[in-house]
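**Q** Just to be clear, the model below is a prediction. Sequence and coordinates:
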Amino acid sequence: MSMKGLKEQVRQFIVANQLLGKNQKYLVALSGGADSVCLLNLCLELGYDIEAVHCNFHLRGKESDRDELFCETLCKDKNIPFHRAHFNTKAYAALHKVSIEMAARELRYSYFEQLRKDINASAILVAHHLDDVVETVLINLVRGTGIHGLQGIKARQHHIVRPLLEVSRCDILAYLDTIRQDYVTDSSNMVDDVQRNKLRLNIIPLLKNFNPAASKNIAKTAKRISMAAQIFDEAIECKMAKVVTRSNKEETRLSIQALKQDIAPEYLLFEVLRTKSFSPNQVEQIALNLEASPGARWESATHVLLIDREEIVIQPRKKEQGHDLRIPDVGNYIFDEVRRFKFAIFPKPVDFIPSKDNDVVTLDADKVQFPLTIRHAQTGDKFFPFGMKGSKLISDYLTDLKLNCFEKQSQLIIVDATDKVIYIAGKRVDDRCRISQDTANILRIKYHKE
């Protein structure tokens with residue numbers, strides 16, 4: 001492809017996808033490699049207002065410093081404002097327990113976004129091209145990420161814009177050769193030690209031996225899948241309305257019966273769970289166990305899924321429970337970010353009427369010994385349900401209420417100094433603390449849960 005042809009192709013892609021505007025400023029991510037240098041030059045030729053940013057991750061010794069110097073010199077020669085950042089990538093990766101590749105990505109995009117805001121740029125331009133699309137599709141195909149993973153790379157994601165997505169690496173190199181523009185080569189890209197490099201160096205050349213147009217055909221297929229995915233998403237949304245019975249930050253519930261009646265229950269599950277870090281293998285296992293006994297559970301890195309009686313319940317993973325809160329006297333107490341209590345003691349009025357609200361309970365204060373303790377219900381805890389003479393295991397009581405495992409695990413109780421249960425928060429008080437005609441002082445407990 002000629003220099004003029006490549007420039008026109010990129011211009012048309014920008015216009016067709018409404019990616020850039022002539023009266024706005026943009027930040028070009030400049031590594032010094034062929035792709036980003038091509039992007040920088042094309043943006044200048046097309047008349048866009050740009051500034052450049054380079055990240056030195058200090059992973060390749062002198063080569064990293066060479067890249068930085070090249071980018072600085074290039075921008076100086078072309079009169080482009082130049083920004084740079086230095087990162088201790090290995091230390092970041094060790095601290096956050098992520099791969100070097102992921103650490104570099106997180107550091108890079110976090111800095112890009114902050115700089116974008118600082119210079120009031122409309123978007124960050126990155127040099128992903130057609131070959132990157134192909135690699136992404138193949139990686140996601142191997143991973144089993146479903147239809148959305150086969151769309152490849154989007155031209156725009158929030159403030160990230162990719163003007164070169166329909167340009168091949170071969171065309172980029174030919175363009176730079178035509179304009180006699182130098183660039184640097186990252187030696188780590190020539191070693192098949194990471195997934196993308198293995199694809200780039202080994203698999204894709206084999207596919208091109210089979211069909212020279214393999215990369216272009218895969219990219220075209222990804223584009224068609226992206227269009228089909230829009231139709232697919234509309235259909236899925238209609239199905240979700242029948243399956244999802246509750247969805248908020250704290251919890252998602254799915255009707256097992258509605259799932260079983262759908263023609264593709266496993267894929268519906270996949271669409272719900274793919275955003276909650278569950279793997280395709282886990283989704284398959286869950287789909288096979290829709291009729292499992294209540295209590296079956298699976299965990300991802302971010303969520304926990306429970307098979308309940310008639311529903312699947314999904315909640316974010318929470319910090320380990322187990323901390324207790326000591327209540328030495330009356331007053332306001334915060335147990336966690338969503339639950340708090342208020343304790344008050346006052347003389348019993350002549351016309352006093354006991355509370356019938358499970359969240360605002362009244363007890364005989366003289367039958368309760370401070371300090372109190374708020375804690376989670378534990379195995380073996382017993383209480384005397386209000387209105388009953390005998391005791392009952394709290395676990396049995398909660399089961400009778402048809403609470404699921406998540407709800408049981410989060411249930412709070414209040415015990416007094418003798419370890420006597422006086423209140424199951426939000427549900428029932430202990431009969432041993434009930435108010436009678438002889439009660440002189442009232443203990444009122446207000447329970448609030450957001």
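**A** Nice, I can see it. Predicted model, so just to flag it, every value in this text is computed and none were measured. Numbers count the residues shown, from 1 in each chain.
**Q** Flag the shaky bits of the stretch 51-200 of the chain, pLDDT-wise.
**A** Within the stretch 51-200 of the chain, the ranges that satisfy pLDDT under 70 run 189-193.
**Q** again, but for the stretch 251-400 of the chain
**A** In the stretch 251-400 of the chain, residues with pLDDT under 70: 319-322.
**Q** How are the helices of it distributed by residue range?
**A** 256-261, 265-273, 280-288, 394-400 (DSSP state H, counting those that start in this stretch).
**Q** could the ones you listed go into JSON lines alongside mean neighbour count and distance to S410?
**A** (C-beta placed from N, C-alpha, C; glycine too.) Output for the helices of the stretch 251-400 of the chain, formatted as JSON lines (neighbours: other Cβ atoms under 10 Å; distance: least, Cβ to Cβ, whole Å):
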{"stretch": "helix 256-261", "mean neighbour count": "16", "distance to S410": "22"}
{"stretch": "helix 265-273", "mean neighbour count": "21", "distance to S410": "22"}
{"stretch": "helix 280-288", "mean neighbour count": "16", "distance to S410": "22"}
{"stretch": "helix 394-400", "mean neighbour count": "16", "distance to S410": "11"}
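**Q** Who are the contact partners of G146?
**A** Each residue near G146 by Cβ atoms under 8 Å, 6 or more residues apart in numbering is listed here: Y267, F270, E271, R274, P280.
**Q** so which of the helices of the stretch 251-400 of the chain comes closest to K198?
**A** helix 280-288 (20.9 Å; Cβ to Cβ).
**Q** Kindly spell out which helices and strands sit in contact with the closest one.
**A** Judged by 3 or more Cβ pairs under 8 Å, 6 or more residues apart in numbering; DSSP states H and E, helix 280-288 is in contact with helix 265-273, strand 297-299.
**Q** how about 10 Å then?
**A** helix 256-261, helix 265-273, strand 297-299, strand 303-307 (3 or more Cβ pairs under 10 Å, 6 or more residues apart in numbering; DSSP states H and E).
**Q** Look up the closest residue to E166, ignoring the ones flanking it.
**A** F13 (5.3 Å; Cβ to Cβ, 6 or more residues apart in numbering).
**Q** Actually, H83.
**A** V53 (4.4 Å).
**Q** Okay, and the beta partners of that neighbour?
**A** A29, H83 (DSSP bridges).
**Q** That one: what's it in contact with?
**A** 27-31, 71, 75, 81-85, 108, 111-112, 115-116, 119, 121, 124-125 (Cβ atoms under 10 Å, 6 or more residues apart in numbering).
**Q** Select from the residues you listed every entry located in helices.
**A** Counting by DSSP state H, the contacts of V53 place C71, C75, R108, Y111, F112, L115, R116 in helices.
**Q** The fourth one: neighbour count?
**A** Burial measure for Y111: 16 neighbouring residues, criterion other Cβ atoms under 10 Å.
**Q** need the contact list for it.
**A** So Y111 contacts V53, C55, H83, R84, A85, F87 (Cβ under 10 Å, 6+ apart).
**Q** Could you report the separation of the third one from N23?
**A** In this structure, H83 lies at 21 Å from N23, with Cβ to Cβ, to the nearest Å as the measure.
**Q** more crowded one of these two?
**A** H83 (18 against 7).
**Q** so that one sits right up against E68, yeah?
**A** No: taking contacts as Cβ atoms under 10 Å, H83 lies outside contact range of E68: 11.4 Å.
**Q** tally of neighbours for D329?
**A** Around D329 there are 9 residues (other Cβ under 10 Å).
**Q** likewise I374?
**A** I374, neighbours per other Cβ under 10 Å, totals 22.
**Q** Distance check, it against R340.
**A** Distance of I374 to R340, computed by Cβ to Cβ: 10 Å.
**Q** same deal with G47?
**A** Applying Cβ to Cβ to G47 and R340 gives a distance of 59 Å.
**Q** These two - which one has more neighbours?
**A** R340 (17 against 9).
**Q** Could you list everything that one pairs with in the sheet?
**A** I334, H448.
**Q** For it, give me its contacts.
**A** L325, N332, Y333, I334, I374, K446, Y447, H448, K449, E450.
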